[in-house]
Structures are given as C-alpha cells and as structure tokens.
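> structure for this input, please:
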Amino acid sequence: MRKVYLYAPPKGGLLFSFLLLVCCFMGTLQAQNAVTISGKVSDARTGEELIGATISIQGTSIGAVTDLDGRYALSTTLGQESFTLVVRAIGYSSQNQVVTLGNQSAFTFDFELTTDVMNLDEVIITGASAATSRRQLGNAVSTVSSRDLAETGGIAVDQALQGKIAGALVQQNSGDPAGGISVRLRGTSTITGSSDPLYIIDGVLVNNNSNELVDIGGAAQNRLVDINPADIERIEVLKGAAAAAIYGSRASNGVVQIYTKRGKVGKPRFSFSTAVRVNELRKQIPFNEVPFDWVNPGDRNNLETFPVERFNLQDEIFRRAGGTENNLSVSGGSDKTTYFASVSYLNNGGIVKNTNFERIGARLNVDQTVSDWLKFSFGLNYTRSESQDMPNGGINAVDGAITGFLFSNNRVNPRPNASGVFPVTSLLVPRTNPAEAVARFDYGQRTNRVITNFTLNANPSEKWNITYILGLDYYNQSAFGFIPVGNTSSNALGWATRGDANVTQFNNDLNISYETMLTPAIRSTTIAGGTWQQDNFERIGITSDRLAPTVRTAVGGTIISAIDVRSDVSYYGAFVQQTFGIKEKLFVTGALRYDGASVFGPEEKIQSYGKGSVSYNLSEENFFKETFGSRISNFKLRASYGQAGNLTAIGAFDRFLNYNPLAIGGLSAVVPSTLLGNDALAPEIMNEFEYGIDASFFGDRLGFEFTVFNQQITDLLLQREVATSTGFATRFENVGKMENRGIELLVRANVMRNRDFNWDVTTTFTTNRNEVTQVVGDRIILPGSFGTSAVIEGQPIGVFFQGFYDRDDAGNIRLDANGLPRRGVNPDGTNVRVIGDPNPDWFGSVINDFSYKNFTFRVQFDAVWGFDVFNWNRRLLDNAIFGGGENAGRELLGEIPKGTGGVQAGIFEEFVEDGSFVKLRELAIGYNYRPKSGAIQNVRFNLVGRNLISFDSYSGWDPEVNTPGQSNGVRGFDFGAVPIPRTIQLGVNLSF
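Modelled structure (predicted):
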C-alpha cells in the first residue's frame, strides 16, 4: 500500500537554488503528530478498483493517489477538529467525506464512485503548480484519457486525437507512414507564423516542428510521431487565450499538455501488447481506359487516332503494406519510490511501394518521496526512428512517383525492358516514370531524440506548494536522397542530397502557490511563477547533380546548393495568478504575465498579457437544488477574457539587417539581404472572449458543454514593400488583423447502464468563421500553391483566387465557336476572383461506446463539412497532352470537344471541388478474458479499423489532404500527396 503525505500534480519551476532555500526555511512549519486515513476506491457499477483516483483534504495540498489495487493511504498533521475528504477520478462524479478527529488517529473510508459524463469534478492542472477541479474554471479545457487513445489505429499522439476534442480540427496532411498532422484549435491565428499549439510533455516544452530537410513533396513529418501513445496517461487541451495566458508568447494557438504514465505502489505489474496491421489504398482514381490515342494531341483540329494498350499506373505505385507494433511496460514501487518503465517497437509500412516508418522507444519515470513534505520525479524518454521515403512531387519536388503518374501517358508500359531500362512515360514534360521512382530512388531519414525532465515538488506546509521543473528536448534529424545515374527524371545524370539538423529546447520553470481560507466562505489561491527557456537550431545541407557512376553521396557530384543555418533564441517571463472561491460556488480568477525574448528589439523587450475569468456553479444554490435538483445535477455558467502572444512569425534575426555569404571566383564575399531589418518587431497579439455553459442532467448521465468564442488577432507580421531608395525590397511589420468567431458543443450521454451492459455516446460540433480584416495591399498570394491561395481583406485566410468560367445569367458556362468553355472577365477587366474556400463551415464527430460483459465495441464517425479542395491532380490528368485521366478518355470518345482539358487547365474554377466528408474514422471490437488463476491477470483481444469508409463526392483519392503540409494559409490543396490509407489492425494485450 502506498503512503503519500503530500500530493499535487507536478508543473512549472525556475531557480533551483532559490527553491532549496525556500524549502529549508518552510520545512520548519511541519508538525509532528499525524492522523492516518486509508481505504479503497472502486466503480459503483462494476465493483472494479479505480487506479489513479485522487483523495485530497479540501482546502489543502495534502492528498494521495490510489494504487494498482485501488487502495490509498494519507497522513495529515492539520491542527483542526474536522476536515473534508474529496475523492475524484477521471470520468466519475466526486464524493466528499467529513472526518471528525476526536481521539482517533486512524480512519478507514471506502468509496464507490458513479460515472460523470461531463467530468465536472475532474482535476485539471492548466500549467500551474496548484491543481483545480473543472468546475472552478472559467474557460473550456478538454481532456483525453489513455483509454480514448488506445485502439485507435493511429501511430501518433495527434493522430489519435482526431474527433475527440470540440474546437480542435485535427487533419492528416498525407498518407505517408509517418505523415504530418495539422492541429488547429479554434482556427488559424497567423499568416506567416505557425498555428500549431504549444506542446508540453510532463512539464517539458517539446518541439513539434516539421523540418523537411530533403524535399519529398511538402508533407514533412511532425516530431510528435516520436512519442509513443501507449505511454500516455492523459492529455489536457487548453484552447482559449484565457486558459493559455500564463504561457505567454508561445501560447496564442492553445496548449496541449501530455502526461505520461507513472508508477503506483505495489508489486511489479507488467503489460505487453502486440498488434499486426494492414494499410491499403481506400480507392483508385478512374483513369483513361480508351484503347486508342491521338496522333497529335496538341492539334484540336486533327482527330486522327491510333490503337494503344492502356496501363493502370496506380498499380505500379501503391501496394497493400503490413506493419507491427509491440509495447512492454512494468510499473510498481514502494511507499517511497514508484516507477514506470516501457520499451516499444513500431513498424508501419507505407501504401507507396518502398516506403516505411520504424520507431524504437524506451521510457523511464521515477517518483521519489524524500520526506513528508518533499519529493522529486525524473523522466527519460529515448526514441530512434527511421523512415524510408519516396518523393511524390507536390510543391517543389518534380521527380516524384505520384508526380510521374500525373504527367504520364498511360499508353506507355512503365515496366523495364529485358535490360532493366525503364521507358520514358511522360512524353511532353520531363517527369519520372513512376515505376522507376519506386524501384530505384532511395530517400530516407532517421532521428535520435531524448526528452528528459527533473521535477522537485515541495509542500512545506498545508498551504504552500512549490514546484521546480528542469526540462530538455533534444533531437538529431538526418535525411538523404539519391537518384541514380541514367534515369527518366529531369536529373538523368544523377542527383544526391544530404541534410542534418540538431534541435535543442531547454526549459527551466519555478511555480509557487499559496492557498488559504480568508474567511469560512472565501478561499484564496495565489500562484506565482517564472521561466527561462532556450531554443537552439542548427542545420546543414548539400545537394549535387552529375554524379559519377556508382556514387551515391552528395560530395561525389557537382555541388549545386549548400546550406548552413544556426540560431539561438531565449525566452524569459514571470506571471502571477489570483483565484477567489466563494462558498465553493463562485470562482473569480485574474492573471498577469510578463514575457521577453531575444527576437524582440529594445523597444519591445518586455510584453505583458492578462486574463480574467469567472465560474458560477448555479446548481450549488439552494433554490436551484430545490427547484431543479432532481433533474439537473450540475449547471455552471462561465466567462473569460484572455490575451496571448505569438512570436513564431519572428525569425531569430528578422530584426537585424542581414548579409548573405557569397563565393565569387573562389573568394568569399557577403551581399546585403533584400529584407530590411526592423527593431520594433513585436509578437502577434490575440485577444479572446469566451462564454459558456456546462451542465449535466439525470444523475450525471446526460451533459453538455457549450462555448462561444471570439478571437481578435492584431499585429500580424507581414512583409511590406519599402521605397527602392532604401536599397531594400521589403521588411516585416506588425500590420495585419484577423478574427475567428465560432461555437463549440460537446454532448455526452450514458444511454444505458446496468451490471452487464453500458452504452455511452459522445458528440462534438464546432463552427468557426475566419476573416482577414486588415492586410497589406489588395491581396497576398501565398507560396506553395502555384499562385492559387491568397490572403484577401474581408475573406477567410487561404481562399482560392484564380480564373473562373464565363457564365450567363442562369449560371450556365458560355462556350466559344468550337464548343470549348470560355474564361470569365470581371467588370473591371481583370480575370481572377475568389473561386473557393478551404475553411470548413463546421466539423464534428459522433462516438458510440458499448460494453457487454467482457465485450467492447467502439465506433467513431468524423465529419468536416462545407470546404473546398483544389484538385491540381485532376488539372493534369484531364489534359489530353498527358492523357492519363478519365476525362482525357472522354475527349477521345467524342463526349466532349478535343482540347477541353487544355482550355480548362487555365480556368482554375473547374478544379475546385466540394471536399465535405463523413468518415468512419475508428471501429474497434474488443474482448477481455480474466483467467481464474495463474500469473496472467487479463488478456484483451482487439480488432481495430481506421479510415475504413469515406462518404464524399470528391473525385480524387481523399478530400482530407494538404500537399503543403503545415502551411497556415494554403489548405485543401491536392497535388501529388499520398492518400490516407485504410488501416486494419489485430492485437492482443496481456496484463500480469
């Protein structure tokens, strides 16, 4: 049985020496005589023990956590006659127990908790050293448990979050075996920076950058793929500026806090899981199957044809791929020391031939109780990942497998001849034979990563809590690419590249909290903290062509480019937060944070951010209980205002006048950049108002969480043209504005429950209207879209802005004398306008969880509705000069005039398609078997399907796609991206 004398979930910290002085001084406040309380916590419906439930003394930081048998023990030295125990567990309603001391020194209390669909009593950390219950918060915070992350069929943390959080649009950019994920919390908040949330793992700020060291088409890996989801205990998602304000300049996009599993008191418990999976292409694009072709495809008047054989080039690219995943963990410990250790191995085969992702990981978490008031924790995670990649074209790489498919005329047999030589399949434009790309090209990358943390937690008295965290995230990423001499690509003489990056992120945090009762009715919680963080980035790269025969390295050819980039950025800040709780019904919070960073100039050295929130639990009022108590279990009103900054758009050297190195005639030189420095650069600022209602009904069996938010984003960083007389072209300035307005709805219901059967339903629904309200000039054309995506004042970010059809008053397309469509012209004589919007009108999910005795069944549908996709793939396939698409065949059959595809290629409206979809995202069936004797305690079998079915009208592979990857403005752009595969996984878990 575990005895924990002091309990507070770890968070924050700053100066280690100062902490030790404070702890030594405050340690004299400890009393000597203790009262012991112990017991067991279990599920009221099933009787099963609840692991990780918290038992705390109300108004203090004293508490305990249940062990692997659901048991707890705690001691107190409170000098008062009575106090209240509060018992909480994720997914359950809390219980209170008044303890009157008298002459007793030991008490036993057992608790049976009932499920709470809205988790209003759930303990939330929210970045401070003092934990709080959800009912005290004035802003929305979402949580995802380890149970929700298990059996999803996903390989990464962010992938497993899809559809589980209201307000979070989580989309996979491509179907690469380690394909990047885009996470947007309440919309896009910047144009030139990053809209990714801030990620924190056990107090360590981690880097989730997508470093595409070698261009493979835009879909770079997210580094969250290095984290094993099986190691995660829970995730807290802070979506609003008020929730994230204490994080300052790095938190305007929200915060995702990840907590990994910890050990529990008891003998060693082992868990082993193994699974095999199959990944496959969900559907193929219809292709040209007409058995003849044009003699002269470029001449619209020449209708002469000749017989040909057609080939399905998709069969040369895609495959059904296998994979496996294995996890082994052990946890346990004594009253003083607990531990959790795990090792894992993942192999995920890609649906493009010769692609694969492999991850090996190990984790160790140790918690040590030093004394009644002091404990420390240590965590270490090592990951080595390797991937075999394939360039698939996209924005920059022209020598990809899928790009080759799009440009190829499928009348050419792509397979090699008897001598092993591959034919040219792209007859008019130099592109790669896709069969040769997957057979001969060699691309890959490997990453070694270490994330470690040290946490010191002190409770020198019942009112004080001090937490210090030292965190480090370091990884080395190395990538390479090789195209051999003698090939069908534009690099026929061979090509090689190599890129390496070293990324280090260090954080040092100190948080101190003080909680006291000002009066019997008013509780005061004060939190103050400080931080110092350091980011270091180093990258080198080299690319060459004209390789010597048999040479595979970049130094073995003619060097055509090289790169050497280094940067150091430091951040520092401090905050104070004050919360008053009045009669445990009304909670008022205010906070102020000051931040600084090395990227700011002298004029903007220190930034300040504020927040305020109020939470009113109306259901705690007597009149409410008397009137509605039998039907409404909980009813909470909340409102908040918060301010947060975003400095991801500011480079380490943007405020300076920079010079670029240059070699001329073997001599070194420097030339000035065309970008003028700006010493007055400041972070982009988000001001957000949030209003909401949280309620549960019928004994916590039905509940909802409703939120309205309004974000006003100012000081967006954009490049503004400067006078040519300055000698420069542009400079960054804080000149843009944008807003996001929307609603979030989360509904949970326990439809049916008894001893054998349980049915839970969870539904999310989110709307968001984004609008750019101020921008430099008429518009900004965004890179990475071939001039298609733009930022326009008065429009959502990233709208498609290009050519359109000439239509009559009834909306019919006007044709010329040859029956070919005509391009439209605006009244002012221009021929471009907004033709589509990649931002969805709404998105949501429906999750059904069933359990019957030892069987479980889970099904999740995700929907994203009212957005457009620009299908650049079809723009090429439909053109008869390439000839591989279905519409090219329609021209051959005379169903549409010859040359239609060529004319449409200049009228981009043709290729804007409705991307709305409903997906069967997850389907999981499980069975638990508990042997009556022996070492094995439980065996679980599971069958999981992911992305099984998509209900959509999109003509391409999958409407859930974005070739430019993590781009903020360029969304819904489909060109050469790997489609998201259908995954089926069979696994077994053993506990012993």
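> low-confidence ranges, the protein, go.
Regions of the chain meeting the criterion pLDDT under 70 cover residues 1-34, 59, 61, 78-80, 119-131, 217-219, 243-245, 393-398, 663-666.
> 50 instead?
1-32, 129 (pLDDT under 50).
> what about the helices in it?
16-26, 146-149, 157-160, 241-244, 314-317, 401-407, 434-440, 622-628, 872-877, 886-892, 900-904 (DSSP state H).
> so which of those helices is the most surrounded?
helix 241-244 (a mean of 30; mean count of other Cβ atoms under 10 Å). Placement of C-beta: from N, CA and C, glycine included.
> got the domain ranges for this structure?
Each structural domain of the chain that the record assigns through automatic domain parsing is listed here as a residue range: 31-114, 146-281+318-400+441-456+467-485+502-798+837-867+915-991.
> re the thing from before, nearest to residue 65, of the helices of the chain?
Comparison of these against residue 65 by Cβ to Cβ identifies helix 146-149 as nearest, at 15.1 Å.
> helices or strands up against that closest one?
Counting contacts by 3 or more Cβ pairs under 8 Å, 6 or more residues apart in numbering; DSSP states H and E, helix 146-149 is packed against helix 157-160, strand 232-238.
> what is the burial count for residue 714?
16 (other Cβ atoms under 10 Å).
> now it: how far from residue 463?
The gap separating residue 714 from residue 463 is 40 Å, by Cβ to Cβ, to the nearest Å.
> repeat for residue 863
Applying Cβ to Cβ, one obtains 48 Å for the distance of residue 863 from residue 463.
> circling back: relative to residue 812, which of the helices of the chain is closest?
Residue 812 lies closest to helix 900-904 among the helices of the chain, at 15.7 Å (Cβ to Cβ).
> give me the residues contacting that closest one.
Residues from elsewhere that reach helix 900-904, judged by Cβ atoms under 8 Å, 6 or more residues apart in numbering: 298, 820-821, 875, 878-881, 885, 887-888, 891, 910-911.
> again, but for stretch 949-958
Stretch 949-958 has contacts (Cβ under 8 Å, 6+ apart) with 175, 281-286, 869, 871, 873-874, 913-920, 959-960, 974, 979-980.
> buried residues of that stretch, list them for me.
By neighbour count with 16 or more other Cβ atoms under 10 Å, stretch 949-958 contains the buried residues 950, 952, 954-958.
> same question for stretch 480-498.
In stretch 480-498, residues buried by neighbour count (16+ other Cβ under 10 Å) are 480-485, 487-489, 491, 494-498.
> returning to that earlier point: list just the nearest of the contacts of helix 900-904 to residue 391.
Proximity to residue 391 was ranked across the contacts of helix 900-904 by Cβ to Cβ; first place goes to residue 875, at 19.9 Å.
> make a markdown table out of the helices and strands packed on helix 146-149 and add distance to residue 840.
A markdown table is the format used below for the helices and strands packed on helix 146-149 (distance: least, Cβ to Cβ, whole Å):
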| stretch | distance to residue 840 |
| --- | --- |
| helix 157-160 | 18 |
| strand 232-238 | 19 |
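> quick one: which of these is nearest residue 114?
Put simply, out of the helices and strands packed on helix 146-149 the one that sits nearest residue 114 is strand 232-238, at 20.1 Å, with distance taken as Cβ to Cβ.
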